[in-house]
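Chemist: Predicted model and sequence follow; I will ask about them next.
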Amino acid sequence: MAPKRILSAKRSRKLEGSLFIAPWLIGFIAFLGFPLVFSLFMSFHTVKILPKKIVYDFVGVKYYREILFNSSDLYDKLIPYFQEVVIMIPVIVIFALMISIMLNQKLPGRFVFRAIFFLPVIFSTGAVLMSFINQGEGNLGFLERFNIGGYMDMFLGDSSWAKPVKTVLNQFVLVLWYSGVQILLFIAGLQTISTSAYESARIDGATPWEVFWKITLPAMSPFILLNLIYTVVDMFTFPSNPVISLINTGNYGFNSALAWIYFAIILVFLGIVILIYSRINRKKCRSKSLVRKGGRT
(Lines give C-alpha, C1' and ligand atoms only; values in the text may rest on other atoms or scores of the structure.)
Protein backbone atom coordinates (compact mmCIF):
# COMPACT_ATOMS: atom_id res chain seq x y z
CA MET A 1 0.00 0.00 0.00
CA ALA A 2 1.44 3.36 -1.04
CA PRO A 3 1.53 5.91 1.76
CA LYS A 4 -1.19 8.57 1.56
CA ARG A 5 -0.01 12.06 0.76
CA ILE A 6 -1.03 14.59 3.34
CA LEU A 7 -1.11 18.28 2.47
CA SER A 8 1.36 20.39 4.36
CA ALA A 9 0.09 23.11 6.68
CA LYS A 10 1.26 25.81 4.25
CA ARG A 11 -0.57 24.28 1.28
CA SER A 12 -3.73 23.68 3.30
CA ARG A 13 -3.78 27.32 4.38
CA LYS A 14 -3.35 28.41 0.78
CA LEU A 15 -6.17 26.10 -0.29
CA GLU A 16 -8.45 27.42 2.46
CA GLY A 17 -7.65 30.99 1.49
CA SER A 18 -8.36 30.23 -2.17
CA LEU A 19 -11.72 28.67 -1.28
CA PHE A 20 -12.68 31.70 0.81
CA ILE A 21 -11.74 34.17 -1.92
CA ALA A 22 -13.26 32.09 -4.76
CA PRO A 23 -16.85 33.51 -4.48
CA TRP A 24 -15.54 37.08 -4.59
CA LEU A 25 -13.18 36.28 -7.47
CA ILE A 26 -15.93 34.62 -9.50
CA GLY A 27 -18.28 37.52 -8.83
CA PHE A 28 -15.59 40.04 -9.77
CA ILE A 29 -14.84 38.33 -13.08
CA ALA A 30 -18.51 37.84 -13.96
CA PHE A 31 -20.00 41.15 -12.82
CA LEU A 32 -17.09 43.61 -12.92
CA GLY A 33 -14.13 42.21 -14.84
CA PHE A 34 -16.05 41.36 -18.01
CA PRO A 35 -17.94 44.72 -18.15
CA LEU A 36 -14.66 46.58 -17.69
CA VAL A 37 -12.97 44.75 -20.56
CA PHE A 38 -16.08 45.12 -22.71
CA SER A 39 -16.32 48.86 -22.04
CA LEU A 40 -12.66 49.23 -23.03
CA PHE A 41 -13.47 47.35 -26.24
CA MET A 42 -16.45 49.64 -26.94
CA SER A 43 -14.36 52.78 -26.39
CA PHE A 44 -12.53 52.00 -29.66
CA HIS A 45 -15.72 51.31 -31.62
CA THR A 46 -18.90 52.99 -32.74
CA VAL A 47 -21.72 50.91 -31.30
CA LYS A 48 -24.92 50.59 -33.35
CA ILE A 49 -27.86 48.73 -31.81
CA LEU A 50 -29.98 47.16 -34.56
CA PRO A 51 -33.22 45.16 -34.11
CA LYS A 52 -31.48 41.78 -34.35
CA LYS A 53 -27.82 42.48 -33.62
CA ILE A 54 -25.23 44.96 -32.37
CA VAL A 55 -22.71 46.31 -34.89
CA TYR A 56 -19.25 47.49 -33.82
CA ASP A 57 -17.32 49.75 -36.21
CA PHE A 58 -13.66 50.23 -35.24
CA VAL A 59 -12.69 53.92 -34.95
CA GLY A 60 -9.43 53.63 -32.98
CA VAL A 61 -8.67 56.48 -30.60
CA LYS A 62 -11.15 58.85 -32.25
CA TYR A 63 -13.27 59.32 -29.13
CA TYR A 64 -10.23 59.75 -26.87
CA ARG A 65 -8.84 62.42 -29.19
CA GLU A 66 -12.19 64.16 -29.39
CA ILE A 67 -12.66 64.25 -25.61
CA LEU A 68 -9.13 65.37 -24.76
CA PHE A 69 -8.35 67.80 -27.58
CA ASN A 70 -11.48 68.74 -29.56
CA SER A 71 -14.01 69.33 -26.78
CA SER A 72 -14.05 71.30 -23.54
CA ASP A 73 -17.07 69.60 -21.95
CA LEU A 74 -14.93 67.37 -19.73
CA TYR A 75 -12.72 70.23 -18.52
CA ASP A 76 -15.67 72.59 -17.94
CA LYS A 77 -17.30 70.09 -15.60
CA LEU A 78 -14.23 68.44 -14.10
CA ILE A 79 -12.17 71.45 -13.02
CA PRO A 80 -14.86 73.10 -10.79
CA TYR A 81 -15.73 69.77 -9.23
CA PHE A 82 -12.05 68.97 -8.77
CA GLN A 83 -11.70 72.17 -6.75
CA GLU A 84 -14.63 71.10 -4.56
CA VAL A 85 -13.02 67.69 -4.00
CA VAL A 86 -9.70 69.28 -2.98
CA ILE A 87 -11.58 71.26 -0.32
CA MET A 88 -13.84 68.46 0.88
CA ILE A 89 -11.30 65.62 1.26
CA PRO A 90 -9.33 67.16 4.18
CA VAL A 91 -12.58 68.40 5.76
CA ILE A 92 -14.11 64.91 5.77
CA VAL A 93 -10.93 63.16 6.97
CA ILE A 94 -10.27 65.64 9.79
CA PHE A 95 -13.94 65.61 10.83
CA ALA A 96 -13.99 61.79 10.86
CA LEU A 97 -10.79 61.67 12.93
CA MET A 98 -12.15 64.11 15.51
CA ILE A 99 -15.48 62.29 15.83
CA SER A 100 -13.78 58.89 16.04
CA ILE A 101 -11.57 60.08 18.92
CA MET A 102 -14.68 61.27 20.75
CA LEU A 103 -16.62 58.05 20.08
CA ASN A 104 -13.67 55.91 21.16
CA GLN A 105 -13.92 57.26 24.69
CA LYS A 106 -15.68 55.21 27.36
CA LEU A 107 -18.87 57.24 27.31
CA PRO A 108 -22.41 55.99 27.98
CA GLY A 109 -24.29 55.39 24.73
CA ARG A 110 -21.23 55.56 22.49
CA PHE A 111 -22.48 52.57 20.46
CA VAL A 112 -25.72 54.45 19.72
CA PHE A 113 -23.79 57.49 18.51
CA ARG A 114 -21.62 55.27 16.29
CA ALA A 115 -24.76 53.86 14.70
CA ILE A 116 -26.20 57.37 14.24
CA PHE A 117 -23.12 58.51 12.33
CA PHE A 118 -23.16 55.39 10.14
CA LEU A 119 -26.91 55.22 9.37
CA PRO A 120 -26.83 58.02 6.73
CA VAL A 121 -24.34 55.94 4.72
CA ILE A 122 -26.97 53.19 4.51
CA PHE A 123 -30.10 55.27 3.97
CA SER A 124 -28.85 58.15 1.83
CA THR A 125 -28.65 56.56 -1.61
CA GLY A 126 -27.75 58.56 -4.70
CA ALA A 127 -31.38 59.38 -5.54
CA VAL A 128 -32.20 60.46 -1.98
CA LEU A 129 -29.07 62.60 -1.74
CA MET A 130 -29.74 64.27 -5.10
CA SER A 131 -33.30 65.13 -4.03
CA PHE A 132 -31.93 66.79 -0.88
CA ILE A 133 -29.38 68.74 -2.91
CA ASN A 134 -32.00 69.88 -5.44
CA GLN A 135 -34.21 71.09 -2.59
CA GLY A 136 -31.36 73.19 -1.22
CA GLU A 137 -30.99 71.08 1.91
CA GLY A 138 -27.67 70.31 3.55
CA ASN A 139 -26.37 73.84 3.98
CA LEU A 140 -25.43 75.38 7.29
CA GLY A 141 -28.18 77.76 8.40
CA PHE A 142 -25.95 80.04 10.43
CA LEU A 143 -24.06 80.98 7.23
CA GLU A 144 -27.08 82.89 5.93
CA ARG A 145 -28.08 84.12 9.39
CA PHE A 146 -24.73 85.81 10.01
CA ASN A 147 -24.06 86.65 6.33
CA ILE A 148 -20.92 84.51 6.20
CA GLY A 149 -21.26 84.32 2.42
CA GLY A 150 -20.88 88.09 2.14
CA TYR A 151 -17.65 88.02 4.15
CA MET A 152 -16.37 85.18 1.99
CA ASP A 153 -17.11 87.20 -1.13
CA MET A 154 -15.02 90.01 0.27
CA PHE A 155 -12.21 87.59 1.14
CA LEU A 156 -12.19 85.46 -2.03
CA GLY A 157 -13.33 88.13 -4.49
CA ASP A 158 -13.57 86.89 -8.09
CA SER A 159 -11.06 84.07 -7.65
CA SER A 160 -11.69 80.66 -9.21
CA TRP A 161 -12.06 79.15 -5.73
CA ALA A 162 -15.02 81.35 -4.71
CA LYS A 163 -17.73 79.21 -6.35
CA PRO A 164 -16.34 75.81 -5.19
CA VAL A 165 -16.11 77.06 -1.58
CA LYS A 166 -19.73 78.26 -1.67
CA THR A 167 -20.87 74.96 -3.20
CA VAL A 168 -19.08 72.99 -0.50
CA LEU A 169 -20.72 75.10 2.22
CA ASN A 170 -24.16 74.64 0.65
CA GLN A 171 -23.71 70.84 0.67
CA PHE A 172 -21.62 70.64 3.83
CA VAL A 173 -24.02 68.63 5.99
CA LEU A 174 -24.88 66.20 3.20
CA VAL A 175 -21.25 65.53 2.41
CA LEU A 176 -20.45 64.91 6.09
CA TRP A 177 -23.14 62.23 6.01
CA TYR A 178 -20.69 60.25 3.92
CA SER A 179 -18.07 60.28 6.68
CA GLY A 180 -19.59 57.28 8.48
CA VAL A 181 -17.25 54.72 6.90
CA GLN A 182 -14.22 56.88 7.66
CA ILE A 183 -15.31 57.20 11.29
CA LEU A 184 -15.62 53.44 11.66
CA LEU A 185 -12.19 52.90 10.11
CA PHE A 186 -10.63 55.44 12.45
CA ILE A 187 -12.33 53.84 15.47
CA ALA A 188 -10.93 50.46 14.41
CA GLY A 189 -7.49 52.05 14.15
CA LEU A 190 -7.76 53.72 17.54
CA GLN A 191 -8.63 50.41 19.15
CA THR A 192 -5.36 48.90 17.88
CA ILE A 193 -3.34 51.34 20.01
CA SER A 194 -2.28 49.74 23.27
CA THR A 195 -3.67 51.34 26.44
CA SER A 196 -0.27 50.85 28.07
CA ALA A 197 1.19 53.45 25.69
CA TYR A 198 -1.30 56.05 26.93
CA GLU A 199 -0.77 55.03 30.57
CA SER A 200 3.01 55.34 30.32
CA ALA A 201 2.63 58.75 28.65
CA ARG A 202 0.40 59.96 31.47
CA ILE A 203 2.87 58.67 34.06
CA ASP A 204 5.63 60.63 32.30
CA GLY A 205 3.49 63.77 32.58
CA ALA A 206 2.49 64.16 28.92
CA THR A 207 -0.45 66.46 28.22
CA PRO A 208 -3.42 65.25 26.10
CA TRP A 209 -2.17 67.41 23.22
CA GLU A 210 1.27 65.80 23.37
CA VAL A 211 -0.29 62.34 23.59
CA PHE A 212 -2.28 63.06 20.44
CA TRP A 213 0.74 64.25 18.42
CA LYS A 214 3.24 61.69 19.76
CA ILE A 215 1.11 58.54 20.06
CA THR A 216 -2.34 58.78 18.45
CA LEU A 217 -1.52 60.53 15.19
CA PRO A 218 1.57 58.42 14.28
CA ALA A 219 -0.34 55.21 15.05
CA MET A 220 -3.24 56.37 12.89
CA SER A 221 -1.00 57.09 9.90
CA PRO A 222 -1.95 53.93 7.90
CA PHE A 223 -5.65 54.53 8.58
CA ILE A 224 -5.38 58.17 7.49
CA LEU A 225 -3.94 57.00 4.18
CA LEU A 226 -6.69 54.38 3.85
CA ASN A 227 -9.37 56.98 4.52
CA LEU A 228 -7.78 59.39 2.07
CA ILE A 229 -7.94 56.76 -0.67
CA TYR A 230 -11.52 55.83 0.24
CA THR A 231 -12.64 59.47 0.39
CA VAL A 232 -11.06 60.30 -2.97
CA VAL A 233 -12.87 57.40 -4.66
CA ASP A 234 -16.10 58.23 -2.82
CA MET A 235 -16.01 61.91 -3.79
CA PHE A 236 -15.23 61.19 -7.43
CA THR A 237 -18.31 58.92 -7.54
CA PHE A 238 -20.49 61.38 -5.60
CA PRO A 239 -24.10 61.61 -6.93
CA SER A 240 -23.77 65.35 -7.68
CA ASN A 241 -20.66 64.75 -9.76
CA PRO A 242 -21.30 66.49 -13.12
CA VAL A 243 -18.85 64.24 -14.98
CA ILE A 244 -20.97 61.18 -14.19
CA SER A 245 -24.02 62.89 -15.67
CA LEU A 246 -21.92 63.61 -18.75
CA ILE A 247 -21.03 59.92 -19.05
CA ASN A 248 -24.68 58.87 -18.90
CA THR A 249 -25.48 60.31 -22.34
CA GLY A 250 -26.30 58.29 -25.48
CA ASN A 251 -23.21 57.19 -27.46
CA TYR A 252 -21.85 53.94 -25.97
CA GLY A 253 -18.40 54.21 -27.53
CA PHE A 254 -18.01 57.85 -26.56
CA ASN A 255 -19.26 57.17 -23.01
CA SER A 256 -16.88 54.24 -22.59
CA ALA A 257 -13.91 56.36 -23.69
CA LEU A 258 -14.99 59.17 -21.35
CA ALA A 259 -15.35 56.72 -18.46
CA TRP A 260 -11.86 55.30 -19.01
CA ILE A 261 -10.37 58.80 -19.22
CA TYR A 262 -12.15 59.69 -15.98
CA PHE A 263 -10.86 56.47 -14.41
CA ALA A 264 -7.30 57.39 -15.43
CA ILE A 265 -7.75 60.88 -13.91
CA ILE A 266 -8.87 59.32 -10.61
CA LEU A 267 -5.84 57.00 -10.61
CA VAL A 268 -3.50 59.95 -11.23
CA PHE A 269 -5.13 61.94 -8.43
CA LEU A 270 -4.83 58.95 -6.08
CA GLY A 271 -1.16 58.60 -7.02
CA ILE A 272 -0.55 62.27 -6.22
CA VAL A 273 -2.30 61.93 -2.84
CA ILE A 274 -0.28 58.82 -1.93
CA LEU A 275 2.96 60.45 -3.09
CA ILE A 276 2.37 63.62 -1.05
CA TYR A 277 1.35 61.62 2.01
CA SER A 278 4.37 59.31 1.78
CA ARG A 279 6.74 62.28 1.50
CA ILE A 280 5.18 63.93 4.56
CA ASN A 281 5.57 60.67 6.49
CA ARG A 282 9.21 60.36 5.43
CA LYS A 283 9.97 63.87 6.65
CA LYS A 284 8.33 63.10 9.99
CA CYS A 285 10.31 59.87 10.36
CA ARG A 286 13.56 61.65 9.51
CA SER A 287 12.89 64.43 12.01
CA LYS A 288 12.07 61.88 14.72
CA SER A 289 15.25 59.92 14.03
CA LEU A 290 17.31 63.12 14.19
CA VAL A 291 15.70 64.06 17.50
CA ARG A 292 16.44 60.61 18.91
CA LYS A 293 20.07 60.73 17.74
CA GLY A 294 20.45 64.22 19.20
CA GLY A 295 19.04 63.01 22.52
CA ARG A 296 21.46 60.11 22.64
CA THR A 297 24.46 62.28 21.93
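Modeler: Cool, got the structure.
Chemist: which ones are touching Phe117?
Modeler: Contacts for Phe117 (CB atoms under 8 Å, 6 or more residues apart in numbering) come out as 99, 103, 179-180, 183. For the C-beta atoms, the positions are set from N, CA and C on the backbone; glycine is no exception.
Chemist: got these as JSON lines, with neighbour count and pLDDT columns?
Modeler: Output for the contacts of Phe117, formatted as JSON lines (neighbours: other CB atoms under 10 Å; pLDDT from 0 to 100):
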{"residue": "Ile99", "neighbour count": "20", "pLDDT": "86"}
{"residue": "Leu103", "neighbour count": "19", "pLDDT": "84"}
{"residue": "Ser179", "neighbour count": "26", "pLDDT": "81"}
{"residue": "Gly180", "neighbour count": "21", "pLDDT": "82"}
{"residue": "Ile183", "neighbour count": "26", "pLDDT": "88"}
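Chemist: which one of the residues you listed sits closest to Ile89?
Modeler: Ser179 (11.0 Å; CB to CB).
Chemist: Can you flag which of the contacts of Phe117 belong to helices?
Modeler: Under the assignment DSSP state H, the contacts of Phe117 contribute 99, 103, 180, 183 to helices.
Chemist: Check the residues you listed and tell me the two furthest apart.
Modeler: It's Leu103 and Gly180 that sit farthest apart of the ones in helices among the contacts of Phe117, by CB to CB, at 11.1 Å.
Chemist: distance of Gly205 from Ile67?
Modeler: Remark: distance between Gly205 and Ile67 (CB to CB, to the nearest Å) = 61 Å.
Chemist: The two: which has the busier surroundings?
Modeler: Using other CB atoms under 10 Å, the more surrounded residue of Gly205 and Ile67 is Ile67, with 21 against 7.
Chemist: you'd agree the more buried one is in a strand?
Modeler: No. Counting by DSSP: H, G, I helix; E, B strand; the rest coil, Ile67 is not part of a strand but helix.
Chemist: right, and it touches Leu258 too?
Modeler: Yes. With contacts counted by CB atoms under 8 Å, Ile67 reaches Leu258, the gap being 5.6 Å.
Chemist: any common contacting residues for these two?
Modeler: Shared contacts of Ile67 and Leu258, defined by CB under 8 Å, 6+ apart, are found at Leu74.
Chemist: who's in contact with the spatially most central residue of the chain?
Modeler: Nearest to the mean C-alpha position of the chain, by CA atoms, centre = their mean, lies Thr231 at 1.9 Å. Shown in contact with Thr231 (CB under 8 Å, 6+ apart): 89, 92-93, 182.
Chemist: could you say which helix or strand contains it?
Modeler: helix 221-236 (DSSP states H and E).
Chemist: Report the buried residues of that helix.
Modeler: Neighbour counts using 16 or more other CB atoms under 10 Å place 223-228, 230-232, 234-236 of helix 221-236 among the buried residues.
Chemist: helix or strand right after it?
Modeler: Toward the C-terminal end, the helix or strand that comes next after helix 221-236 (DSSP H and E) is helix 242-247.
Chemist: Remind me what that next one packs against, helices and strands.
Modeler: Counting contacts by 3 or more CB pairs under 8 Å, 6 or more residues apart in numbering; DSSP states H and E, helix 242-247 is packed against helix 73-103, helix 252-296.
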